[in-house]
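J.: no FASTA, just this:
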Ligand SMILES: Cc1cc2nc3c(=O)[nH]c(=O)nc-3n(C[C@H](O)[C@H](O)[C@H](O)COP(=O)(O)OP(=O)(O)OC[C@H]3O[C@@H](n4cnc5c(N)ncnc54)[C@H](O)[C@@H]3O)c2cc1C
Ligand code: FES
């Protein structure tokens, strides 16, 4: 085990980033054309990085699995994006956003990164407005804000319930402009299946053309991974179907450490599970908690309609337990309380788990039209899924896997443990500690892409001797062969079970044993079950069709194969961390149902190194030091 | 959420690749939960097909909540099926009745070449955006977000048009295969905002030229596009596109090359 160095610049927190940028070596503008950067993933983080580097003059090659970059999973983000603009004059500042994020992350994030994020947040809004992102405005023409969990100021910018879509379109359009100008070469429907490392540096990728099955090699001077999170390891999650860990996992197997894999976020307000054939869960944005009140009946197994349960018989449990934050308690905390109520028998539905999210008071106060303006599309979505009208009857909601704070380990420059491999957006572990605050993922993805990576890549390129390389180099051939062998192996099993059935089974193991609450027994069991399931997968999976043409089942099989390895690491990490913090709740470590951290022993980032097939990863630690914000028990009471 | 089980007959267009011959195949799908979405119903059928050793039906999908624009096909001749303002991923089986026969086929347009079964290639839309569907602003150049006031009605109009998900239902429902609704939505989104007006003329000329080049048909303002649009983009946008195009054509000034910053 070694200690990892986060390469945090020295000096006061307020000027670290500024000083660091000044100290960076620059690439001569005329030379930038000679440097190629690969960007894998064109969601918010990737599209913004590709656009910005194209604008700077680098030769960018961008890849995504989607038909169009505009379809990346970022498109689904609903509620909003944070920025410390203090437009509402309610006491916000860079420092407060920094503080809220560190506290919200339960003191498991790196101070310097988080400060930079808060500092950059204001520029993101300016950039997006200039691109034409149609943020909500008030009648005076100024930008509007709403509140999100874990904060007592109103700093969230939004475009109805489609903020992610609008931000993504902004980044996508900027990138398409660079495609038009010839600075970015875009290849869609390409799945990265390996990273090519030459002389210890990331020098390229191997991708499969999803339409033709062709395996392609692409070389570059540096590689950026912006391939999103891994919540779909749970099978049922709020993430889109194609979300996968594959790109990050292949990089992990080539030497990139995987940090805090057990930090996953379970979002409190999702439409509850309804049946066996359900393929995904739908989020009801956190912004709804601005105006909605969460409650259950005080009576156990109450089968009355919610409208028939009188006020005095309702338990508004978030308001009761957290009087100062109320319904805007952070996600991990709110999810856990919903789970407790259902565990105690107060679920709103007979054979499942749900609590009420009720708008009656606000509709009475503000009128239906006002609510429709703010949340119309969410209400409509709820109605379509459930067949119930939330203007008339309270929504039923329950927590669901939503976001992964863990990801590839990166230093302050967002570079992984493989020189030349940078990681941006949800795919890295950097800024959210053990729990992410709402509206902060969009902020982080765009901060990484527009304002961090374009600088730090330049510094890397200027400081590194990069030899010219051809895609015919032996390392490319070897990686291509590895990819081809794995594909053939998957095709050749010709077993009796569908890919989907394995994914579902893995998802159940993960949800039951490494979900909202974890304990030693469950995790140990999972660690026995997962390798068995993996073995069965490789002996009994059925992948129909051919490898050399469009084959969605083959794509899924490859992704599930990687999840079957990741799941095991998540459980090991969760077992190893004998404390509770943020989304990682170990039942053995709690005080009155709240997470009990152990700062003496666990104030570190756990970064796992791949040691080879059938060997356990080995653990490296990056110690976290808090110089600006005092380590304290997190309280929202 | 009272779920029921229904049985259906599906006639699905099967075609291996762009140049292969296609035809309808008939399947019965039994015990479909009325709480399931249309795509979950096809998942269920696909699982059965795989178990039987048959080729599953290929279709595009991702978010399954009506926002990514990946999904889309015709159900009994209507783009995205019978419900207004709804993509197929959001269409739930409670809208169908037991024993119904449903014909399912891909978008058909020469500008959307078929890939397989229900999947088509809509990258022509990306090329239209690439030709001018953006505001030219490099990262780091932006003034304060509140420096330019945007009247709320303008912001709302921009938003209503920006809501387009690029699914292609407009093209598929148009008898001429026109992409006017898609193109106009992007144009109106950007041009209704002060920061998007500067490049307005160029945008209109370039996007329309690209649209024609991709082989989309001409618009005859029948309105079936808007009726099929899951995001309710208004036909008024097409009128605005036409006006912007005409204005830009009349205003056209000779371009001085080399002025554009990269
Ligand atoms: C329903 C929902 C609502 C949300 N709402 C909010 C919100 O209101 N506010 C907020 O801040 N956050 C929100 N989030 C979180 C936020 O949306 C995501 O964390 C963020 O958008 C991730 O962006 P990204 O660019 O890192 O990844 P993504 O947008 O997931 O993009 C990943 C990209 O990588 C590509 N890719 C993946 N694997 C490969 C591969 N192997 N090869 C090639 N390409 C690959 C994909 O094609 C895609 O282009 C929400 C999340 C969900 C699920
Ligand atoms: S799957 Fe995304 S819109 Fe239907």
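T.: Sure thing, it's come through. Owing to the predicted nature of the structure, the values given are computational and were not obtained by experimental measurement. Residues are numbered from 1 along each chain as shown, chains lettered A, B, ... in the order given. Ligands and ions are numbered 1, 2, ... in the order given.
J.: buried ones in stretch B:149-156, by neighbour count?
T.: For stretch B:149-156, a neighbour-count test (16 or more other CB atoms under 10 Å in any protein chain shown) marks B:150, B:152, B:154-156 as buried. No exception for glycine: its C-beta is placed from N, CA and C like everyone else's.
J.: close to chain A, is it?
T.: Yes. Stretch B:149-156 lies within reach of chain A by CB under 8 Å from any CB of the partner chain, at B:149-152, B:155-156.
J.: which one of the buried residues of stretch B:149-156 is nearest residue B:115?
T.: Set against residue B:115, the nearest of the buried residues of stretch B:149-156 by CB to CB is residue B:156 (36.7 Å).
J.: can you tell me how far that closest one is from residue A:145?
T.: For residue B:156, the distance to residue A:145 (CB to CB, to the nearest Å) stands at 17 Å.
J.: in contact with residue 65, which residues?
T.: With no chain named, the answer covers chain A. A:189-191, A:210, A:242, A:555 (CB atoms under 8 Å, 6 or more residues apart in numbering or on different chains).
J.: oops, wrong one, chain B.
T.: Neighbours of residue B:65 in contact, by CB under 8 Å, 6+ apart: A:76, A:280, A:282, A:381, B:89-90.
J.: now render these as JSON lines, adding neighbour count and secondary structure.
T.: Converted to JSON lines, these look like this (neighbours: other CB atoms under 10 Å in any protein chain shown; DSSP: H, G, I helix; E, B strand; the rest coil):
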{"residue": "A:76", "neighbour count": "24", "secondary structure": "helix"}
{"residue": "A:280", "neighbour count": "25", "secondary structure": "coil"}
{"residue": "A:282", "neighbour count": "23", "secondary structure": "coil"}
{"residue": "A:381", "neighbour count": "24", "secondary structure": "helix"}
{"residue": "B:89", "neighbour count": "28", "secondary structure": "helix"}
{"residue": "B:90", "neighbour count": "25", "secondary structure": "helix"}
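J.: from those, which is closest to ligand 2?
T.: Of all the contacts of residue B:65, residue B:89 has the smallest distance to ligand 2: 3.2 Å, by CB to the nearest ligand atom.
J.: for chain A, which spans come out with low pLDDT?
T.: A:1 (pLDDT under 70).
J.: list the contacts of the closest residue to residue A:306 other than its chain neighbours.
T.: Using CB to CB, 6 or more residues apart in numbering or on different chains and skipping the chain neighbours, the partner closest in space to residue A:306 is residue A:394 (4.9 Å). By CB under 8 Å, 6+ apart, the residues touching residue A:394 are A:295, A:306, A:356-360.
J.: run the last query once more with 6 Å
T.: A:306, A:356, A:358 (CB atoms under 6 Å, 6 or more residues apart in numbering or on different chains).
J.: could you verify that the second one is part of a helix?
T.: No. For residue A:356, which was evaluated using DSSP: H, G, I helix; E, B strand; the rest coil, the result is strand, with no helix membership.
J.: what number of residues lie near it?
T.: Neighbour count of residue A:356, defined by other CB atoms under 10 Å in any protein chain shown: 21.
J.: what of residue A:637?
T.: Count around residue A:637 with other CB under 10 Å applied: 10.
J.: setting aside sequence neighbours, what's the nearest residue to it?
T.: residue A:322 (5.5 Å).
J.: list the contacts for the one you found?
T.: A:329, A:636-637.
J.: quick one on the thing from earlier: with the contacts of residue B:65 in mind, which one is nearest to residue A:444?
T.: For these, the nearest to residue A:444 is residue A:76 (16.3 Å; CB to CB).
J.: excluding its backbone neighbours, what's nearest the closest one?
T.: The spatial neighbour of residue A:76 that comes closest, neighbours along the chain excluded (CB to CB, 6+ apart), is residue B:63 at 4.8 Å.
J.: what number of residues lie near that neighbour?
T.: Neighbour tally, residue B:63, other CB under 10 Å: 29.
J.: ok, now the one 3 residues further on?
T.: The burial metric for residue B:66, expressed as a neighbour count using other CB under 10 Å, is 25.
J.: hmm, the residue nearest to residue A:76 is touching residue A:242, no?
T.: No. Between residue B:63 and residue A:242 there is no contact under CB atoms under 6 Å: 9.2 Å.
J.: ok, and for stretch A:378-387, which residues are buried?
T.: Buried residues in stretch A:378-387, counted by 16+ other CB under 10 Å: A:378-382, A:384-386.
J.: with stretch A:56-74 instead?
T.: Here stretch A:56-74 shows A:56-74 as buried, counting by 16+ other CB under 10 Å.
J.: after the helix or strand that contains residue A:373, which helix or strand is next?
T.: Assessed by DSSP states H and E, residue A:373 sits inside helix A:368-386. Using DSSP H and E, the helix or strand that follows helix A:368-386 towards the C-terminus is strand A:395-404.
J.: that next one relative to helix A:368-386, how many degrees between them?
T.: Angle of strand A:395-404 versus helix A:368-386, following axes from the mean of the first three to the mean of the last three CA atoms, to 10 degrees, is 80 degrees.
J.: list of residues touching the helix or strand that strand A:395-404 is followed by?
T.: Using DSSP H and E, the helix or strand that directly follows strand A:395-404 along the chain is strand A:407-408. The contact list for strand A:407-408 (CB under 6 Å, 6+ apart) reads A:248, A:256, A:416, A:423, A:427-429.
J.: just put those residues in TSV and tack on secondary structure and neighbour count.
T.: Formatted as TSV, the contacts of strand A:407-408 follow (DSSP: H, G, I helix; E, B strand; the rest coil; neighbours: other CB atoms under 10 Å in any protein chain shown):
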residue	secondary structure	neighbour count
A:248	helix	31
A:256	coil	28
A:416	coil	31
A:423	strand	31
A:427	helix	30
A:428	strand	28
A:429	coil	29
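J.: need the residues you listed in JSON lines with distance to residue A:91, can you?
T.: JSON lines is the format used below for those (distance: CB to CB, whole Å):
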{"residue": "A:248", "distance to residue A:91": "38"}
{"residue": "A:256", "distance to residue A:91": "40"}
{"residue": "A:416", "distance to residue A:91": "37"}
{"residue": "A:423", "distance to residue A:91": "34"}
{"residue": "A:427", "distance to residue A:91": "33"}
{"residue": "A:428", "distance to residue A:91": "30"}
{"residue": "A:429", "distance to residue A:91": "30"}
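J.: contacts for the longest helix seen in chain A?
T.: Taking DSSP state H as the criterion, chain A has its longest helix at helix A:552-576. Residues from elsewhere that reach helix A:552-576 (CB under 6 Å, 6+ apart): A:233, A:244-246, A:249, A:261-262, A:490, A:499, A:502-503, A:506, A:510, A:514, A:518, A:523, A:526-527, A:530, A:534, A:537, A:543-544, A:606.
J.: ok, stretch A:201-212 next?
T.: A:38, A:63, A:189-196, A:215-220, A:223, A:418-421, A:469, A:479-480, A:483, A:550.
J.: quick one: is the longest helix of chain A near ligand 2?
T.: No. Using CB under 6 Å from any ligand atom, helix A:552-576 stays clear of ligand 2, coming no nearer than 13.4 Å.
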